[in-house]
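A.B. asks: please find the sequence and the predicted model below.
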Amino acid sequence: MISPDQYSTLANELLSWFATNKRALPWREDYAPYRVWVSEIMLQQTQMERGVAYFQRWMEALPDIMSVAQAHEDTLLKLWEGLGYYSRVRNLHKAAKIIVAEHGGIFPEKYSAIRALPGIGDYTAGAIASIAFNQDVICIDANVERVFSRIFDIDTPVKQKHNMEFIRKTVAAMLPSGHAREFNQALMELGALVCSKKPHCSRCPLQQHCEAYHLGIPHERPVPTPKKGIQHIDVATGFLMHKGKIYIQKRPDFGVWAGFWELPGGAVEEGEAPEQAVVREFMEETEFPVQIEDKILVVKHGYTTYRVTMHCYFLTFAQKHSAEPVLHAATTYQWVSMDELNDVTLPAGHRKLLDHLQNDMRLKPLLQNS
DNA sequence: CATACGTGGCA
DNA sequence: TTGCCAAGTAT
């Protein structure tokens, strides 16, 4: 077991490894607080490669905090479309307004003020305080947890309270004063590039200090928390066509995909066929009587805790009917052309559906009907 | 403390 | 194909 008198040696080896192995990332050019903040929020639960592309596009559109505060939520949502965890961007918007109102538009430097902003938890507050302002503050993410679970061969689920306390305490003891910016990033970078899920011990600068390596079991760490099985659900949805346009509605501003546009639809109930479900859902959500013209396709879409099989149909009104719905599951609605559908923000599953549909020749005659 | 929240890549 | 997970936060 590594002892505290080796901590400074370990930290130095880690720092010199980072100096030559760190990736060139846009926010590492100047460590401007606004850029560090946006990068940290974007990278939460998101892979680096995707995050960087979104970051560049975001910065071109919104170069400073004021521009975020003044932007319309739909603009931000569109820039975030496809990234997932959309409460992050709504919190970013709220936080930008708070920074303008309460901090004169300057990103706050004090840890407690950073931590108090919406969307910023323990990890992100520590990351910004150390990376943007080089304050002696720890930040623990899944990479750091993995690195430490191996160095100290933690043989119980790493998320357990006593393990997390141990990791926090040890990182704090190891952190070289005045070098938190480099040290924290080095720890995370090592976890991302070397001490990854599949470990690459042969190129690890901390190999000598690592207990799991010496035991020959780095791949068995960290011990995961037991998880529940993934649920499967069937969902039915449809394109209702009327006078060459398609019906879409906007979701309420709470819950999943808040403020997103979508096609009406919902879960197929026990003993129900998807064809019945789509007709029922349109009635429940819009009071539109619809009939099925054709089945378009089935799209499968995976989420963290469940898996959706989406059945999609071409629909028309079952009888002559007003184009005005009675909304029960939406805040507003519109009839759009296929082109206009590209400009609204849709959940990824719907977007996937749409991409298949753009090439479907069956669409043309239906859209020309009235 | 458990659970919800999105998505795409990978084995 | 299915299951797991990658720089977490809010409730």
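C.D. replies: Done, it's in.
A.B. asks: could you pull out the strands for chain A?
C.D. replies: Counting by DSSP state E, chain A forms strands over residues A:231-242, A:245-250, A:261-262, A:265-267, A:290-302, A:306-317, A:332-336, given from the N-terminal end onward.
A.B. asks: quick one: low-confidence residue ranges for the stretch 101-250 of chain A.
C.D. replies: Scanning the stretch 101-250 of chain A for pLDDT under 70 picks out A:227-230.
A.B. asks: who in chain A is up against DNA strand B?
C.D. replies: Contact residues of chain A with respect to DNA strand B, defined by CB under 7 Å from any atom of the strand, are listed as A:45-47, A:50, A:82-87, A:161, A:228, A:255-257, A:301-305, A:347-349, A:352. Where you see a C-beta, it was placed from the backbone N, CA and C, and this is true even at glycine.
A.B. asks: select only the buried ones of those residues in ChimeraX?
C.D. replies: In ChimeraX, a selection of the buried entries from the residues of chain A next to DNA strand B looks like this (16 or more other CB atoms under 10 Å):
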select /A:83,86,257,301,347,349
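A.B. asks: please list which of the residues of chain A next to DNA strand B also come close to DNA strand C.
C.D. replies: Taking CB under 7 Å from any atom of the strand, the overlap between these and the neighbourhood of DNA strand C is A:45-47, A:85, A:87, A:302, A:304.
A.B. asks: in chain A, which residue sits nearest DNA strand B?
C.D. replies: The shortest separation between chain A and DNA strand B is 2.4 Å, found at A:G84 (distances taken as CB to the nearest atom of the strand).
A.B. asks: domain map for chain A?
C.D. replies: As assigned by automatic domain parsing, chain A contains the domains A:4-220, A:232-368.
A.B. asks: rewinding a little: tabulate the strands of chain A (JSON lines), appending distance to A:P274.
C.D. replies: Listed next are the strands of chain A as JSON lines, based on distance: least, CB to CB, whole Å:
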{"stretch": "strand A:231-242", "distance to A:P274": "4"}
{"stretch": "strand A:245-250", "distance to A:P274": "19"}
{"stretch": "strand A:261-262", "distance to A:P274": "17"}
{"stretch": "strand A:265-267", "distance to A:P274": "10"}
{"stretch": "strand A:290-302", "distance to A:P274": "8"}
{"stretch": "strand A:306-317", "distance to A:P274": "4"}
{"stretch": "strand A:332-336", "distance to A:P274": "23"}
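A.B. asks: any idea which of those strands gets closest to A:L187?
C.D. replies: Relative to A:L187, the nearest member of those by CB to CB is strand A:290-302, separated by 30.6 Å.
A.B. asks: follow-up on the earlier one: OK, contacts around the residue of chain A closest to DNA strand B?
C.D. replies: A:45-46, A:348 (CB atoms under 8 Å, 6 or more residues apart in numbering).
A.B. asks: just A:L83 next, same as before
C.D. replies: Contacts of A:L83 were listed using CB under 8 Å, 6+ apart, and they are A:42, A:46, A:50-51, A:54, A:89.
A.B. asks: I'd say A:Q207 and A:H200 touch.
C.D. replies: No. Counting by CB atoms under 8 Å, A:Q207 does not reach A:H200; the two are 10.2 Å apart.
A.B. asks: quick one: the helices in the stretch 51-200 of chain A?
C.D. replies: With DSSP state H, counting those that start in this stretch applied, the stretch 51-200 of chain A shows helices at A:65-70, A:73-80, A:87-102, A:111-115, A:122-131, A:142-151, A:161-174, A:180-193, listed in chain order.
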